[in-house]
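Asker: Sequence and predicted structure below; questions after.
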Amino acid sequence: MASAKPWYLSRTIWASLVTIATAIAGLTGVPLEGIDNAALAETLLQAITAVSGLIAIFGRIGARDRIG
């Protein structure tokens, strides 16, 4: 692999986190019928991407110095 990406953009990491979360939820008695782990991981990844984009935009708007 020549390039690296942040950990929070990895689908494998998010799928693993969702798997761990659903396992813990199952152990604590939370009903999990009908939950699609892959779809949940994809949705979380899209939400994180959208939030990071908003943070970048608002960070640039609020910046006091020019770039470059």
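Answerer: Received the coordinates, thanks.

Asker: what are the ranges of the strands in the protein?
Answerer: Under the criterion DSSP state E, the chain carries no strands.

Asker: Find the centremost residue of the protein, please.
Answerer: Leu45 (3.7 Å; Cα atoms, centre = their mean).

Asker: Tell me the spacing between that residue and Ala38.
Answerer: Distance, Leu45 to Ala38, using Cβ to Cβ, to the nearest Å: 11 Å. Heads up, the C-betas are built off the backbone N, CA and C, glycines and all.

Asker: which residues touch stretch 37-51?
Answerer: With Cβ atoms under 8 Å, 6 or more residues apart in numbering as the contact definition, stretch 37-51 has outside contacts at 8-9, 11, 14-15, 17-19, 22.

Asker: Could you point out which of those is nearest to Ile55?
Answerer: Tyr8 (11.9 Å; Cβ to Cβ).

Asker: Can you report how many residues lie near the closest residue to the closest one other than its chain neighbours?
Answerer: Among residues not flanking Tyr8 along the chain, Ile48 sits closest, at 5.4 Å (Cβ to Cβ, 6 or more residues apart in numbering). Neighbour count for Ile48, taken as other Cβ atoms under 10 Å: 14.
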